[in-house]
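>>> With the input below, show me the fold.
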Amino acid sequence: MDIRLENASLSWQHHCVFSGLNLDLPARQWTSILGQSGVGKSSLLQLLCGIADDADVHGRVYCSDGKPLAGRVAWMAQDDLLLPWLSVLDNVLLEARLHQHGRCNAEQRERARYLLAQVGLAQLADARPAQLSGGQRQRVALARTLFQERPLVCMDEPFSALDAINRLKLQDLAAQLLADRTVLMITHDPLEALRLSDRVLVLQGRPARLSAPITPPGDAPRQVSDPAVLSLQGQLLELLAGGRA
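Below you'll find the model as predicted:
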């Protein structure tokens, strides 16, 4: 399912952050958006997800299957947002619990356990979030996102709170487990975007505009030492520093 956001606009304190902005998300591709702080990246993501609470954010979303996108988006944030009083397993099952008054059937619990195994946490299904490391908590958040089985996954700096090694490991895992999903990720890390994405866009300017897409060669997750990736990282840094988009 291809997704298109048309004529998006955002004003903040009578200042136009962006206007007339269009964004295409090809089906089953990973698209990343980078940009300096305050340029409107997260607002653009929230507008697409239908969770923008600012009256000065506008835009229309179209899906190639003709159905509304509302209710078909999974969200993964920088913070894991795990509920501390629930077990790891029940945090993965959170959406089902909310829709079924706290009850989950055997099939749902089996699937949640399978996803925990996929992220390497099967042995911690009964643990509480306070017993986990930061990397483990974010793995639970990834399993919870996968459990929702939504056609679009939106990620707002999902790995930025992790140390460098855990970040690389979780990037590799996300690339594997989200290979058949349409993904939109906001990140400040050019290397992360280039390792994971089919298309990388830069949002910049006043009012902000999206750059032409940069398409890294090869399959994700790409090696951090790949010369092509390192060359594109230099181009992205120049764009972010104020070069032409």
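>>> Spatially central residue (nearest the centroid) of this structure, please.
Residue closest to the average C-alpha location in the chain (Cα atoms, centre = their mean): Met155, at 1.6 Å.
>>> Could you say whether that residue sits in a helix, a strand or coil?
Of the three states, Met155 takes strand under DSSP: H, G, I helix; E, B strand; the rest coil.
>>> residues in contact with it?
Listed by Cβ atoms under 8 Å, 6 or more residues apart in numbering, the contact set of Met155 reads 75-77, 183-186. Any C-beta I mention is one placed from the backbone N, CA and C, and that applies to glycine too.
>>> Could you export these to CSV, including columns for distance to Tyr62?
Below are those laid out as CSV (distance: Cβ to Cβ, whole Å):
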residue, distance to Tyr62
Trp75, 20
Met76, 23
Ala77, 25
Val183, 18
Leu184, 15
Met185, 21
Ile186, 21
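>>> These: which two are farthest apart?
Greatest spatial distance among these (Cβ to Cβ): Ala77 and Val183, at 14.1 Å.
>>> between the two, which one's more packed in?
Val183 (23 against 17; other Cβ atoms under 10 Å).
>>> and that one, how far is that from Ile51?
Look at Val183 and Ile51: by Cβ to Cβ, to the nearest Å, they are 17 Å apart.
>>> returning to what we had before: using PyMOL, define a selection of the buried residues within the contacts of Met155.
A single PyMOL command is used to select the members of the contacts of Met155 judged buried by 16 or more other Cβ atoms under 10 Å:
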select buried, resi 75+76+77+183+184+185+186
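>>> Turn the contacts of Met155 into a markdown table, columns for secondary structure and pLDDT.
Listed next are these as a markdown table, based on DSSP: H, G, I helix; E, B strand; the rest coil; pLDDT from 0 to 100:
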| residue | secondary structure | pLDDT |
| --- | --- | --- |
| Trp75 | strand | 90 |
| Met76 | strand | 92 |
| Ala77 | coil | 88 |
| Val183 | strand | 97 |
| Leu184 | strand | 97 |
| Met185 | strand | 97 |
| Ile186 | strand | 96 |
